[in-house]
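A.B. asks: structure for this input, please:
(2 chains, ligands or ions: 2)
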Amino acid sequence: MPLVEIKDLAKVFYRDSQRIPVFDGVNLEMEQGEFLSLMGPSGSGKSTLLHLLAGLDKPTAGRIVVGGADVTGMKRRQLAAWRAHHIGFVFQFYNLLPVLNAYQNVELPLLLTELTGRERREHVMTALGVVGLSDRAEHYPRQLSGGQEQRVGIARAIVSDPTILLADEPTGDLDAKSADEILTLLQRLNEEFNKTILMVTHDAHAAERAHAVMHLDKGVLSR
Amino acid sequence: MKIPIIYNIRSLKERPVSTLTTAAGMSLVVAVFVAMMALASGFHAALVKSGSPDNVLVLRKGANAEMYSGITRSTANTIAGMPFVARGADNQPLTSPEVFVVIGLNRLTGGLANLVVRGVSPRAMQVRRGIEIIDGRELRPGASEILVGEKIIDRFANTGIGETLSFGGRDWTVVGHFSAGGSAFESEIWAENEQVMPVFRGEVFQSVTFRMADPSSFDGIKQTLEDDPRLFLDVFRESEFYQNQSVILTQILNFIAVFIAGVMAIGAVFGAINTMYAAVASRAPEIAVLLTLGFKPGHVRSSFLIEAVFIALLGGILGCILALPINGLVTSTTNWNSFSEVAFAFRVTPNLLVSGLVFAVAMGFIGGFFPALKASRQPVVVALREA
Ligand SMILES: Nc1ncnc2c1ncn2[C@@H]1O[C@H](COP(=O)(O)OP(=O)(O)OP(=O)(O)O)[C@@H](O)[C@H]1O
Ligand SMILES: [Mg+2]
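C.D. replies: Ligands and ions are numbered 1, 2, ... in the order given. All right, here's what the predicted structure looks like:
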């Protein structure tokens, strides 16, 4: 059984009385340990697909099953708890909380667990170690470079060891060198730690780092 | 409280101006609230301290206040002879039949004020604990002398020792100043009862105060005296008598405090609402991230509520600090039971400070409620696009 199963997924936005169909009949299966990238023109619905997969929004039709759990059938409160366990989200603009330092940002998802302070500390330092920022724990986001901020963002996404990592243009705001480091890091997470990753990108070179590249265009998802 | 408080504290520090102005608004409300409650509390305390639970105050039946009372010499003697009256070292009853009159005196600041002149028995100082001559000496029997309460000295002319006050068609020499533990007695002029009686009222006392041999037998004493038809008396425990005098005015002052602070609080609460709405709007992306990480809407709601309460607490502490210096400041009001002036000190008690903080927290809670609700209901995906 695949880890992720998306069946006949449809999303329509309504703005005022206007109907904005994004896609209809999207199907996707992802195996545990798979690293997929998703490309497509702006507005094709890549972010929307990621949001639906993360349970941040409700689809108009269709079903999403992750690790046997029907995400589309859950209530908002259940979804929050489910997300805390199963989803690690990496944003294009890192979205670190500016008033918290790297350590505190990474610790956030663990505050939702039963872990003790000591255990949380171990997990946070491990995650920061994986992204190579053990020495920056006390730094605030504005004291870090874009690439470093994104690595903190990734540490935050993996610290609670989620089922799947969703990255929405994680290199979209970075220079070539930093972008390359981030991609290498994602690849390592996939190979070394067997993380399942779905990454949206506009960059064909970046997309090739994954096992396979998906294309979303005009509501159609193709491999 | 899953979202760490440090997040709120740092966020508040990021916008010091709006945090401080909002807190300052609340601090004014709290300061006014505490100050006015301190007024009520000071007045209440002054009157409560006046009475002792060991003493009994006796008035003519139905008189309610000393002013309207009259007790004959023979009734006073009958009371003094009762077995439940405590006796001093000389085996004489600890009782003080007293004459109570109100005179007009000019304040140093201008204007006429009513003051109580109390004609006391030579034993009054033994009957009442806590009366102390702080300057000069005690009254000499048979002399036209007065003792002046501490709170009067600075506010009325000719109250220095050796000076002379004229009232009741006679001159009275000030021979001493006394304190009475901050009670209403400090706003009175005391003379010997036998001196005051003839010039004002003729052969009648207004009240008798005596010490009980056994304070726990008050109920029985009250019944014995009130049931005697020849005596025709009302009997009060002295502490309750004075406390009752303070009840109505204290309640009115408390009401005014809550009312005025309440009206001011509306403004401060709107300030907080504004500040918090602005904070929620500018931090929409942060809220979206927290929700994406798996924090529940309830977590976000409490976080912003705590932030609002935190601002309010800051305001509350500032307000208490602002109000603190009025502690001990002396002011005066009219005691409606005697239509005379009572001076007393503002009393900022720890309880009042806690009430001030609770008041502040309530303002923060109300001010933060709807912004916090809005924060928790933020549609995540829309806010994520703003990031
Ligand atoms: N909350 C919303 N309300 C209305 N329309 C929306 C909303 N969110 C997205 N859309 C629309 O849905 C479509 C898909 O948007 P989405 O952000 O998923 O595209 P995308 O592929 O991620 O684009 P980009 O590459 O620019 O990030 C767009 O036409 C967008 O305008
Ligand atoms: Mg997008």
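
A.B. asks: and chain A, which residues reach ligand 1?
C.D. replies: For chain A, the contact set with ligand 1 under CB under 6 Å from any ligand atom comprises A:13, A:15, A:20, A:22, A:40, A:42-48. To be clear about C-beta, it is placed using only N, CA and C from the backbone, and glycine gets the same treatment.

A.B. asks: just send the residues you listed back as TSV, with neighbour count, secondary structure and distance to B:Phe369 too.
C.D. replies: Output for these, formatted as TSV (neighbours: other CB atoms under 10 Å in any protein chain shown; DSSP: H, G, I helix; E, B strand; the rest coil; distance: CB to CB, whole Å):
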residue	neighbour count	secondary structure	distance to B:Phe369
A:Phe13	14	strand	31
A:Arg15	7	strand	30
A:Ile20	10	strand	34
A:Val22	22	strand	36
A:Gly40	21	coil	43
A:Ser42	7	coil	40
A:Gly43	10	coil	38
A:Ser44	20	coil	41
A:Gly45	24	coil	37
A:Lys46	25	helix	38
A:Ser47	22	helix	33
A:Thr48	21	helix	33
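
A.B. asks: of all pairs in those residues, which one is the farthest apart?
C.D. replies: Taking CB to CB as the measure, the residues of chain A next to ligand 1 span a maximum distance of 21.1 Å, between A:Arg15 and A:Gly40.

A.B. asks: bridging residues for the spatially most central residue of chain A?
C.D. replies: Geometric centre of chain A, nearest residue: A:Leu166, 1.9 Å, by CA atoms, centre = their mean. With DSSP bridges as the criterion, the beta-bridge partners of A:Leu166 are A:Phe89, A:Leu198.

A.B. asks: pLDDT score assigned to it?
C.D. replies: With respect to pLDDT, A:Leu166 scores 97.

A.B. asks: for B:Trp336, same thing?
C.D. replies: The model's pLDDT for B:Trp336 equals 76.

A.B. asks: so what's it up against?
C.D. replies: If you count contacts by CB atoms under 8 Å, 6 or more residues apart in numbering or on different chains, B:Trp336 has them with B:248-249.

A.B. asks: look up how far B:Gln245 lies from it.
C.D. replies: 8 Å (CB to CB, to the nearest Å).

A.B. asks: need the nearest residue in space to B:Gly298, chain neighbours excluded.
C.D. replies: Spatially, and ignoring its direct neighbours in sequence, B:Gly298 is nearest to B:Ser376 (6.7 Å; CB to CB, 6 or more residues apart in numbering or on different chains).

A.B. asks: what about the one you found, which SS state?
C.D. replies: With DSSP: H, G, I helix; E, B strand; the rest coil as the basis, the three-state label of B:Ser376 is helix.

A.B. asks: against B:Ala279, how distant is it?
C.D. replies: From B:Ser376 across to B:Ala279, the span is 14 Å (CB to CB).

A.B. asks: so the closest residue to chain A within the stretch 251-387 of chain B is in which element?
C.D. replies: With CB to the nearest CB as the measure, the residue in the stretch 251-387 of chain B that lies nearest chain A is B:Gly294; the distance is 2.6 Å. With secondary structure defined by DSSP states H and E, B:Gly294 is part of neither a helix nor a strand.

A.B. asks: mind checking pLDDT for the closest residue to it other than its chain neighbours?
C.D. replies: Counting by CB to CB, 6+ apart, the nearest residue to B:Gly294 once its immediate chain neighbours are dropped is A:Ala84, at 2.6 Å. At A:Ala84, the predicted lDDT confidence score is 94.

A.B. asks: next, A:Ala84: secondary structure please.
C.D. replies: Secondary structure, three-state DSSP: A:Ala84 is helix.

A.B. asks: who touches it in this structure?
C.D. replies: When contacts are counted by CB under 8 Å, 6+ apart, A:Ala84 touches A:109, A:112-113, A:160, B:293-295.

A.B. asks: which of those residues has the largest number of neighbours?
C.D. replies: Each of the contacts of A:Ala84 was scored by neighbour count (other CB atoms under 10 Å in any protein chain shown); the top score is that of A:Pro109, with 29 neighbours.

A.B. asks: so which residue of the stretch 1-150 of chain B comes closest to ligand 1?
C.D. replies: Residue of the stretch 1-150 of chain B nearest ligand 1, by CB to the nearest ligand atom: B:Ile3 (24.8 Å).

A.B. asks: residue contacts, that residue?
C.D. replies: When contacts are counted by CB under 8 Å, 6+ apart, B:Ile3 is found next to A:108, A:111, B:290, B:295, B:299-300, B:302-303.

A.B. asks: rerun at 6 Å
C.D. replies: B:299, B:303 (CB atoms under 6 Å, 6 or more residues apart in numbering or on different chains).

A.B. asks: same thing with B:Asn8?
C.D. replies: Taking CB under 6 Å, 6+ apart, one finds B:306-307 in contact with B:Asn8.

A.B. asks: SS state for it?
C.D. replies: Under three-state DSSP, the three-state class of B:Asn8 is helix.

A.B. asks: isn't A:Val22 right up against A:Lys11?
C.D. replies: Yes - between A:Val22 and A:Lys11 a contact is recorded at 4.5 Å, counting by CB atoms under 6 Å.

A.B. asks: what is in contact with these two at once?
C.D. replies: A:Thr48.

A.B. asks: neighbouring contacts of the longest helix seen in chain A?
C.D. replies: Counting residues, the longest helix in chain A under DSSP state H turns out to be helix A:176-193. With CB under 6 Å, 6+ apart as the test, helix A:176-193 has contacts from A:35, A:147, A:150, A:170-171, A:195, A:197, A:206, A:209.

A.B. asks: also stretch B:19-39?
C.D. replies: Contacts to stretch B:19-39, defined as CB under 6 Å, 6+ apart, come from residues B:12, B:253, B:257, B:261, B:264-265, B:268, B:271-272, B:275, B:311-312, B:314-316, B:318-319, B:322-323, B:326, B:346-348, B:352, B:356, B:359-360, B:363.

A.B. asks: got the contact list for the residue nearest to B:Gly298?
C.D. replies: B:297, B:300-301.

A.B. asks: selection in ChimeraX covering whichever of those are buried, please.
C.D. replies: The ChimeraX command for the buried members of the contacts of B:Ser376 (criterion: 16 or more other CB atoms under 10 Å in any protein chain shown) is given here:
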select /B:297,300,301
